[in-house]
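> Just to be clear, the model below is a prediction. Sequence and coordinates:
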Amino acid sequence: MQIIELPMNLIDEDKDQPRYRFGEESLQELVNSIGEIGLLSPIKVRKAEGGRYKIIYGNRRYLACSKLGRETIPAIVSEATDETEIYLEQVAENLTREGFTPIEEGEAFDKLLNDPKFASSVKFLAAKLGKPESYIKNKCELLKFGPAVKKLVVSGTDIRKGTLTEDQLLPLKDLPMEYRDPLALTMAKDEMPVIDVKRIAKLFKDASISERTKSQLLYKDGPGLLDTWSAYEASRKERARAAADAERKKAEAEAEREEAEREEAQRKKAEAAGEAAASVAQPRPAAEGVAAQAAAATASAPPGAAALGQADSAAAVAAMAAAAAGARTMATLRDLLAALPAPDALASELQTATTVDPEALLDGLDDLIGRLEGHLNACRTARAEVVRRI
């Protein structure tokens, strides 16, 4: 890398370079430093038409040497011709400089991303400049603000009256312009901390607050907006608690209703079972009445007839008793079948019995299974006897 002394009158500034804000105070400090100890770092230029040179980086050093009336300046002459590479080099050089503001960075990144001459991507810039993609995106977000706000943006994180840091601005970036810029100016005037800016931004993002109310809030200062946020947050939490209580009460009422329905269903089943048991017992008196009538008829018959017809009467009584027993048996079977629910319905009800004590449910199921098994064995025995007789 060769450093040569170039005549100052052959060098032109690059008006399109990323850094364009040069504070007079800091520029004068540089003039004084160069006047005392000389220029420590050369500028970098590229060749232009007519034997002239255009600055790649080092504009401030060039301006300071001009103020000192120097005729030459040490420079590195670059052979680069690719516009993208040259601009990237300018950006990379300025990123190391303290005075390169976040707005200048954002404008440089935006130019590389959207100018047809460059048409770069965020991924490409991040790789070339050694910066995270989020860093580049956040700098571009700062360009959403108006000129009055941009003039106040400074580098660093120190919050000072009349200035804005990147961290103060970013929470406001997604608000509509009519809220975004006025709030940013208020945050600068009142030196609002980042955490308070985030709270105020949340207030203006709430869709439940009317646009009219938000417009009126813009007349408040920073502390006043923060007080409004505190009241709003307390009200929001109270509404959330009330909604939770209402939901809990609704769930409790629903549970009570379901429990009442289950109890009513159980009561109706118990009544149905009682009625079935009563109907099973009714045929017995009828059979006993038949036997009594047969005995009375025998007793009232003439003496001779009684002796002769004793065998026939006994056979008739036995036949009537057998018929009554058969009727009683069929009635019992029908009542048992009617009392038993369908297996699918019983299975569904048992699976949804979530409020029943598990141990009590198991005891009840064991009793039911035992009784059903007893009935099942009796039915199988009777069926086998009937089949044997056929």
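Noted; the coordinates are in hand. Numbers count the residues shown, from 1 in each chain.

> domains in this structure, as residue ranges please.
1-81, 360-390 (automatic domain parsing).

> Kindly reformat those domains as TSV containing mean pLDDT.
Formatted as TSV, those follow (pLDDT from 0 to 100):
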stretch	mean pLDDT
domain 1-81	87
domain 360-390	82
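
> which one of these lies closest to Glu93?
domain 1-81 (4.2 Å; CB to CB). Glycine gets a C-beta too; all of them are placed from N, C-alpha and C.

> Tell me where the stretch 151-300 of the chain has helices.
Taking DSSP state H, counting those that start in this stretch, the helices of the stretch 151-300 of the chain run over residues 166-169, 177-189, 194-205, 211-217, 222-281, 283-300.

> To clarify, my last question referred to the stretch 1-150 of the chain.
Going by DSSP H, counting those that start in this stretch, the stretch 1-150 of the chain shows helices at 24-37, 59-67, 83-95, 102-114, 122-129, 133-141, 147-150.

> tell me the most buried of the ones you listed?
Sort the helices of the stretch 1-150 of the chain by mean neighbour count, taking mean count of other CB atoms under 10 Å, and helix 102-114 sits at the top with a mean of 20.

> Any stretches of the chain with poor pLDDT?
Counting by pLDDT under 70, the chain contains low-confidence residues at 1, 22, 279-319, 322, 342, 345, 350, 352-356.

> Try it again at 80.
For the chain, applying pLDDT under 80 flags the ranges 1-2, 19-26, 97-99, 273-365.

> Longest strand in it, please.
strand 72-78 (DSSP state E).

> Just the CA atoms of it, as CSV, please.
Only the C-alpha atoms of strand 72-78 are listed here, as CSV (Å, rounded to 0.1, in the frame of the first residue of the first chain):
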residue,chain,number,x,y,z
THR,A,72,-0.8,18.7,-0.3
ILE,A,73,-2.2,15.8,1.8
PRO,A,74,-1.0,12.2,2.2
ALA,A,75,-3.3,9.8,0.4
ILE,A,76,-3.7,6.2,-0.6
VAL,A,77,-4.8,5.8,-4.3
SER,A,78,-7.2,2.9,-4.7
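
> Tell me the helices and strands packed up against that strand.
Counting contacts by 3 or more CB pairs under 8 Å, 6 or more residues apart in numbering; DSSP states H and E, strand 72-78 is packed against strand 3-7, strand 43-47, strand 53-57, helix 59-67.

> who touches Leu143 in this structure?
The contact partners of Leu143, by CB atoms under 8 Å, 6 or more residues apart in numbering, come to Ile103, Gly106, Glu107, Asp110, Lys150.

> which two from those end up farthest apart in space?
For the contacts of Leu143, and using CB to CB, no pair is farther apart than Asp110 and Lys150, which are 12.5 Å apart.

> if we can go back for a sec, which of the contacts of Leu143 lies closest to Glu233?
Closest to Glu233 out of these is Lys150 (31.1 Å), distances taken as CB to CB.

> so how far is Cys140 from the nearest residue to the closest one once chain neighbours are set aside?
Distances taken as CB to CB, 6 or more residues apart in numbering place Ile103 nearest to Lys150, at 4.9 Å, with adjacent residues excluded. Look at Ile103 and Cys140: by CB to CB, to the nearest Å, they are 11 Å apart.
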